[in-house]
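> Show me how the following folds:
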Amino acid sequence: MRVFIWAVVFLLAASVGSAQDRSTVVVELFTSQGCSSCPPADALLERLSRRNNVIALSLHVDYWDYIGWKDKFASPANTARQQAYARAGGRRSVYTPQMIINGLDDVAGTAPMDVADIIDRHSRRQPVVELTLRRSSNAVRVQAKLLRSIGPSIVQVAYISARKVVQIKRGENAGRSLQYTNVVKRIEKLRRWSGENPLAVEIALKQHEQAVLLIQQEGHGVIFAAVPLR
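Numbering: from 1, shown residues only. Below you'll find the predicted structure:
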């Protein structure tokens, strides 16, 4: 068991020093405080968030709220996003804990070796959009330069809370103190982008507000580019 654990840690931490040479990979974990299988996936997401080339997002769904504990971070919008991914990928159902990697591949959040393999594959892809940020005290201006045509895309901003600890009092995880990483509070669609010409957008941010910009193929397809705004 020890060998397995260290192998997983090695794969998840591999090439951190050379992350500048790797493409950014977005990992979305669909999770719930009422799901007894989710805590290991939540812990895995926290480890992934330490990687320089990974943007790890925790999206809490609301369809487990009926079994005894209402998830404090659950949102119907997160559930709808997961369902949209299922439709786009031709899957008939959704589940927790599910990870969607770069908007394209789905994998169980309890399968760290599979997660590591998929992240590694995506990190080796050639970038198709180059992002440049200019930050001020209350806004971030983002310029996107196309390295090749990508077609219609949606520019969106995910507003997050970096770290949350919750005492679960009822339900399948009753009595546990669980930590959550990069909890998505909401995702706002800024605009549609043709993906054929350069793009410039400005995002207003309150002091200490944390957010991530995502450029995603229209129809819940592949995530072409992403960058933290703080």
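> C-alpha from now on. contacts and neighbour counts both.
Noted.
> Can you give me the buried ones in the strand or helix carrying Ile154?
Taking DSSP states H and E as the criterion, Ile154 maps to strand 153-167. Within strand 153-167, the residues scored as buried using 16 or more other C-alpha atoms under 10 Å are Ser153, Ile154, Val155, Gln156, Val157, Ala158, Tyr159, Ile160, Ser161, Ala162.
> Quick one: distance of it to the chain centre.
In terms of C-alpha atoms, centre = their mean, to the nearest Å, the centre of strand 153-167 is set 8 Å apart from its chain centre.
> what packs against the first helix or strand past that strand going along the chain?
Note on strand 153-167: by DSSP H and E, the next helix or strand toward the C-terminus is strand 177-193. In terms of contacts (3 or more C-alpha pairs under 8 Å, 6 or more residues apart in numbering; DSSP states H and E), strand 177-193 is packed against helix 38-49, strand 54-60, strand 153-167.
> Give me the residues contacting strand 177-193.
The contact list for strand 177-193 (C-alpha atoms under 8 Å, 6 or more residues apart in numbering) reads 39, 42-43, 45-46, 49, 56-60, 73, 77, 152-168, 199.
> pLDDT (mean, whole number) over the helix or strand following that strand?
Once strand 177-193 ends, the next helix or strand along the chain (criterion: DSSP H and E) is strand 199-204. For strand 199-204, mean pLDDT is 96.
> Sheet-wise, list the partners of strand 199-204 with their directions.
strand 139-146 (antiparallel) (DSSP bridges).
> quick check: mean pLDDT across the strand it pairs with?
96.
> and if you look at stretch 209-225?
The model assigns stretch 209-225 a mean pLDDT of 97.
> quick one: buried residues of that stretch?
Buried residues in stretch 209-225, counting neighbours by 16+ other C-alpha under 10 Å, are found at 210-218, 220-225.
> burial measure for Asp62, as a count.
Asp62 has 22 neighbouring residues, counting by other C-alpha atoms under 10 Å.
> cool, and the one 5 residues further on?
A total of 12 residues lie near Ile67 under the criterion other C-alpha under 10 Å.
> Any stretches of this structure with poor pLDDT?
In the predicted model, the chain carries pLDDT under 70 at residues 1-21.
> Of the buried residues of stretch 209-225, which belong to strands?
Gln210, Ala211, Val212, Leu213, Leu214, Ile215, Gln216, Gln217, Ile223, Phe224, Ala225 (DSSP state E).
> Between which two of these is the distance greatest?
Using C-alpha to C-alpha, the two most remote members of these are Gln210 and Gln217, lying 23.1 Å apart.
> How about the contacts made by the nearest residue to Leu214 once chain neighbours are set aside?
Counting by C-alpha to C-alpha, 6 or more residues apart in numbering, Ala226 is the residue found nearest to Leu214 once chain neighbours are left out, at 4.5 Å. Shown in contact with Ala226 (C-alpha under 8 Å, 6+ apart): Thr24, Val25, Val26, Ile55, Val212, Leu213, Leu214, Ile215.
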